[in-house]
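J.: show me how the following folds:
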Amino acid sequence: PMQKKMMLVGFVLIAILFVAGCSSAPGDSVQSTEAALEQARTGTEGVKTSFLNNFPPPLIYDENELVTLLEIENKGGYTLQQEDCAVQITGFDPSIIRGNFEASCGTNYGELEGKNVYNLEGSINQIEFRSPSVRLPPGVFEYNPTLNVLTCYQYETHANAEVCVDPSFYQITSEQKACTPRDVSLGGGQAGPIGVSHVGVDMTGRKAVFEITVRNYQSGSRVLSPDVYVRDCGKGIFEFTDFDRIKYNVKLSGGGYLDCKPSDKYVRLHNGQGKIVCTYDIPGTVAFETPLQIDLQYGMMDSFSKQIKIIETPE
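T.: Predicted coordinates:
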């Protein structure tokens with residue numbers, strides 16, 4: 001009898017645990033999906049390029065092969081096509097280190113997927129550059145070039161700010177309003193190196209004024225116009241107007257005309273920041289909330305370097 005009681009208690013405990021596990025699953029699933037969505041649409045990174053360890057090695061003998069391996073990670077939320085990203089290695093004498101040191105970031109893949117709810121890390125590609133035989137000129141026993149890796153890519157950021165507009169904001173009224181106009185802070189970025197950090201919201205009569213602050217979160221990188229060709233990046237042919245220009249489009253999801261400045265639809269960054277100012281004629285007589293959608297198109301230029309040493313092969 002005691003054994004049967006123990007077995008019965010065991011079955012009851014298992015049943016309780018099973019029911020508890022089943023009942024908690026849906027809530028956990030919703031929470032984890034929400035967390036994944038948040039992770040996929042936030043962040044301040046774009047494309048990250050680095051050398052794989054020991055490729056290139058710090059020291060090689062001449063007449064040997066030089067192999068470099070670059071790892072390219074797309075850590076933002078925008079998927080790159082072949083023509084959207086280019087990488088090249090410069091800084092060396094092409095008569096000593098020969099070979100092609102320029103490629104699309106998507107070589108071998110076709111595209112570099114950005115992060116999303118199913119892939120929170122984004123995608124990674126590895127590109128190999130080879131110089132079949134490094135040759136020092138006669139009488140030169142040592143050569144110490146600094147290999148400079150230049151990555152240029154076109155990217156997009158999509159930001160949403162939920163704003164409240166109130167056509168009768170300054171009228172004294174006792175009615176309960178659906179919302180109160182206030183500024184919106186968008187910390188943490190929107191899955192790209194360029195993002196919207198703040199939206200100022202002001203009411204002037206029956207007009208709403210949105211002051212949108214655009215920011216470069218990658219302080220060591222140059223911002224390029226979305227109109228430049230990324231393969232021209234290392235050729236030194238860009239003009240002053242090719243830098244720090246971002247193409248923008250602002251709209252309200254429910255429709256309605258927005259009058260935005262600068263009127264050419266390009267915002268220029270100064271000290272890493274720029275402003276877009278939009279005005280909106282509010283329809284109706286009551287306050288309401290609406291998503292303000294801000295789309296940004298731009299290019300980025302990143303570089304890093306590594307010094308190597310090439311020495312003459314002993315006879």
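
J.: please identify the helix or strand for T33.
T.: Using DSSP states H and E, T33 sits in helix 2-41.

J.: mean confidence for that helix?
T.: For helix 2-41, the mean per-residue pLDDT is 59.

J.: now swap in stretch 102-118 and tell me
T.: Mean predicted confidence for stretch 102-118 is 90.

J.: gap between the one residue sitting closest to the centre of the chain and R41?
T.: Nearest to the geometric centre of the chain sits G192, at 2.3 Å (Cα atoms, centre = their mean). Between G192 and R41 the distance, using Cβ to Cβ, to the nearest Å, works out to 10 Å. C-beta coordinates here come from the backbone N, C-alpha and C atoms, glycine included.

J.: overlap in contacts of those two?
T.: G77 (Cβ atoms under 8 Å, 6 or more residues apart in numbering).

J.: so what pLDDT did R215 get?
T.: 97.

J.: number of residues surrounding it?
T.: Close neighbours of R215, defined as other Cβ atoms under 10 Å, add up to 18.

J.: tell me the contacts of it?
T.: 194-197, 272-273.

J.: just these now: which is nearest P145?
T.: Nearest to P145 among the contacts of R215, counting by Cβ to Cβ, is G272 at 31.6 Å.

J.: what sits against the closest one?
T.: 215-216, 219.

J.: isn't the residue nearest to the centre of the chain right up against Q154?
T.: No - if you go by Cβ atoms under 8 Å, G192 and Q154 don't touch, sitting 11.3 Å apart.

J.: mind listing residues that contact the helix or strand just after the helix holding T33?
T.: Heading C-terminal from helix 2-41, the first helix or strand you meet, by DSSP H and E, is strand 47-51. Strand 47-51 is contacted by residues 68-76, 80, 85, 87, 105, 112, 149, 151, 153, 155, 300, 302, 304, 306 when judged by Cβ under 8 Å, 6+ apart.

J.: what about the residues you listed, which are in strands?
T.: 68-74, 80, 85, 87, 112, 149, 151, 153, 155, 300, 302, 304, 306 (DSSP state E).

J.: and these, which of them are buried?
T.: Neighbour counting by 16 or more other Cβ atoms under 10 Å classes 68-70, 72-74, 80, 85, 87, 112, 149, 151, 153, 155, 300, 302, 306 among the ones in strands among the contacts of strand 47-51 as buried.

J.: the spatially closest residue to T107 that is not a sequence neighbour: how many residues sit nearby?
T.: Leaving aside its sequence neighbours, T107 sits nearest to I127 (Cβ to Cβ, 6 or more residues apart in numbering; 5.4 Å). Neighbour count for I127, taken as other Cβ under 10 Å: 19.

J.: for T285, same thing?
T.: 10.

J.: check the secondary structure at it for me.
T.: What DSSP: H, G, I helix; E, B strand; the rest coil gives for T285 is coil.

J.: ok, so what distance separates it from G274?
T.: Distance from T285 to G274, by Cβ to Cβ: 34 Å.

J.: how about R206?
T.: Separation of R206 from G274 (Cβ to Cβ) stands at 28 Å.

J.: likewise I194?
T.: For I194, the distance to G274 - Cβ to Cβ - is 10 Å.

J.: again, but for A178
T.: Taking Cβ to Cβ as the measure, A178 falls 32 Å from G274.

J.: most surrounded residue in the contacts of R215?
T.: Result: I194 is most packed of the contacts of R215 (other Cβ under 10 Å), 29 neighbours.

J.: read off the pLDDT value for that one.
T.: Confidence score, pLDDT, at I194: 98.

J.: mind listing what it touches?
T.: The neighbours of I194, taking Cβ under 8 Å, 6+ apart as the test, are 155, 157, 214-217, 223, 246, 296, 298, 300.

J.: how about a cut-off of 7 Å?
T.: If you count contacts by Cβ atoms under 7 Å, 6 or more residues apart in numbering, I194 has them with 157, 214, 216, 223, 246, 296, 298.

J.: isn't the third one up against L269?
T.: Right, N216. Yes - assessed by Cβ atoms under 7 Å, N216 is found in contact with L269 at 6.0 Å.

J.: between these two, point out the one with more neighbours.
T.: The neighbour count for N216 versus L269, taken as other Cβ under 10 Å, is higher for N216 (22 against 18).

J.: now the residue nearest to the more buried one when sequence neighbours are not counted: how far from P262?
T.: Leaving aside its sequence neighbours, N216 sits nearest to G272 (Cβ to Cβ, 6+ apart; 4.4 Å). As judged by Cβ to Cβ, G272 and P262 stand 17 Å apart.

J.: same check, this time on I310
T.: Taken as Cβ to Cβ, the span from I310 to P262 is 50 Å.

J.: more neighbours: which of the two?
T.: Legend: neighbour count by other Cβ under 10 Å for I310 and P262, higher for I310 (25 against 13).

J.: output the contacting helices and strands for the host helix or strand of that one.
T.: Taking DSSP H and E as the criterion, I310 maps to strand 309-311. Judged by 3 or more Cβ pairs under 7 Å, 6 or more residues apart in numbering; DSSP states H and E, strand 309-311 is in contact with strand 59-61, strand 142-143.

J.: having no further points to raise, I will conclude here.
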